[in-house]
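> fold the following.
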Amino acid sequence: MPKIFEYFGFIFYFFSNEHDPIHVHVAYGEFESIFELIIENGKLIKIKRRKKKGVDSLTEKDAKIAEEFIRHYSTDIVSKWINFFVMKQVIQSTKITKKL
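Numbers count the residues shown, from 1 in each chain. Here you go, the predicted model:
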């Protein structure tokens, strides 16, 4: 379960046995949601949010913060996905301490 980003209490991570489409789990406290990145021709065109079974979803406010972060760092998220799942490389978590 590699953690890819920390951002003011939000934890962005992948599960070790993931599947397409590219998606990231986002936890904040005891809440969590999954965000799928829909990419066409190398560009992020949409982010779909879904519920994780057995866990309360992020609040609307927190989901909007997470989605804004994902939009801003989508290229890095895709790169980390490819490095971890395709290239089988160890990836480093990045702590972001500057507000978007």
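> find the centremost residue of the protein, please.
Nearest to the mean C-alpha position of the chain, by C-alpha atoms, centre = their mean, lies residue 24 at 2.9 Å.
> surely that residue touches residue 13?
Yes - when contacts are counted by C-beta atoms under 8 Å, residue 24 is listed as touching residue 13 (7.1 Å). C-beta: built from backbone N, CA, C; applies to glycine.
> mutual contacts of these two, please.
residue 4 (C-beta atoms under 8 Å, 6 or more residues apart in numbering).
> picking up where we left off before, what's the first helix or strand after the strand or helix carrying the residue nearest to the centre of the chain?
Per DSSP states H and E, residue 24 falls inside strand 23-28. Downstream of strand 23-28, the first helix or strand assigned by DSSP H and E is strand 31-40.
> just the buried positions in that following strand, please.
The neighbour-count check on strand 31-40 (16 or more other C-beta atoms under 10 Å) flags 32, 33, 34, 35, 36, 37 as buried.
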